[in-house]
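A.B. asks: Need coordinates for the following:
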Amino acid sequence: MSAPKKLFIKTYGCQMNVYDSERMAEHLGGEGYVVTEAAEDADMILLNTCHIREKAAEKIYSELGRLRPLKDARPNLMIGVAGCVAQAEGAEIMARQPMVDLVVGPQSYHRLPELERKVRGGEKALDTDFPEEDKFEHLAGRPKARRGPTAFLTVQEGCDKFCAFCVVPYTRGAEVSRPADRVMTEARDLVERGVREITLLGQNVNAYHGHEAGLAGLIRDLAGIDGLERIRFTTSHPNDMDDALIAAHGEIEKLMPYLHLPVQSGSDRILKAMNRKHTAEEYVRLIGRIRA
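C.D. replies: Model (predicted):
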């Protein structure tokens, strides 16, 4: 029996990237990979990147430079760039750093096994498409190993708001919601593995529409899972904070008294320039409704 291949993933940025890294590692487990905490021991290194901050791409190029000695010492070491910098930079990454073998965007990582096989065959692999298929339907099933008491669970991706300062619509695409039944299945699986608190993730999570009653309806269903003790969600947009979700905070004991609702600015002029589509007064009134 051959020894397992070793995978090292370095994750940058948001909670969703943490979730994505978990799913990528699990998916590559079907190709014989096990996770290692040491890059120097790896057969494959993946940088799961974030593009939300200024100079994010340059940070990744610097990290790739630090990995060069490993690649020089072991030419068969596979180096890949995933996530939002991969989506934004695409082939430019390989042009600037020819040692990179694989570039995959956040909506295409279900294709990692075939991309990995392509690289093993001696080719470069690039996939920054926004495929029509649901990537979650093509990912390997989650392992049954026990895990800690908290977990992230992505329920929504992308954003249609196009705030002037934000790259998310361009790197994660349009708003897409996972069907409620699939979210429930994954949540039950996590609880069976020992999870007691789940944080629902989305770039604009309260725009979730995979349940006929929206995010509030999904949370009510999740609250019915025996063994699940606490529910959180992040990140929210003020314009999608509806009455049903506000009511859920007062009625569902398992929904924690925590709400990430970015202010951005108290100036209407700045909010307009940011294309936030609400005023400072509207935000203040919303907070009043939540507190009532």
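A.B. asks: make it CA atoms for all contacts and neighbour counts henceforth
C.D. replies: Fine.
A.B. asks: any idea which helix or strand carries Lys287?
C.D. replies: Residue 287: Ile, not Lys. Element membership for Ile287, per DSSP states H and E: helix 280-291.
A.B. asks: How about that helix, which residues are buried there?
C.D. replies: 280, 283, 286, 290 (16 or more other Cα atoms under 10 Å).
A.B. asks: next one: stretch 53-65
C.D. replies: Result for stretch 53-65 [16+ other Cα under 10 Å]: buried residues 56-57, 60, 64.
A.B. asks: one step back: out of the buried residues of helix 280-291, who's nearest Ile198?
C.D. replies: Nearest to Ile198 among the buried residues of helix 280-291: Ile290, at 21.9 Å, using Cα to Cα.
A.B. asks: Poorly predicted segments of the protein, please.
C.D. replies: Applying pLDDT under 70 to the chain picks out residues 1, 133, 140-141.
A.B. asks: per-domain residue ranges of it.
C.D. replies: Split into domains by automatic domain parsing, the chain comes to 5-127, 145-291.
A.B. asks: and these as TSV, adding distance to Leu139?
C.D. replies: As requested, these are exported to TSV (distance: least, Cα to Cα, whole Å):
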stretch	distance to Leu139
domain 5-127	6
domain 145-291	12
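A.B. asks: can you confirm Leu200 is in a strand?
C.D. replies: Yes - checked against DSSP: H, G, I helix; E, B strand; the rest coil, Leu200 lies within a strand.
A.B. asks: how about it, what does it touch?
C.D. replies: If you count contacts by Cα atoms under 8 Å, 6 or more residues apart in numbering, Leu200 has them with 152-155, 231-234.
A.B. asks: Now render the residues you listed as CSV, adding distance to Ile9 and secondary structure.
C.D. replies: CSV is the format used below for the contacts of Leu200 (distance: Cα to Cα, whole Å; DSSP: H, G, I helix; E, B strand; the rest coil):
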residue, distance to Ile9, secondary structure
Phe152, 17, strand
Leu153, 19, strand
Thr154, 19, strand
Val155, 23, coil
Ile231, 27, strand
Arg232, 26, strand
Phe233, 25, strand
Thr234, 24, strand
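A.B. asks: Mind checking which of the buried residues of stretch 53-65 land in helices?
C.D. replies: 56-57, 60, 64 (DSSP state H).
A.B. asks: Which residues are in contact with the nearest residue to Ala248 once chain neighbours are set aside?
C.D. replies: Excluding the flanking residues, the one nearest Ala248 by Cα to Cα, 6 or more residues apart in numbering is Ala216, at 6.1 Å. Neighbour list for Ala216: 244-245, 248 [criterion: Cα under 8 Å, 6+ apart].
A.B. asks: List buried residues within those residues.
C.D. replies: Buried among these (16+ other Cα under 10 Å): 245, 248.
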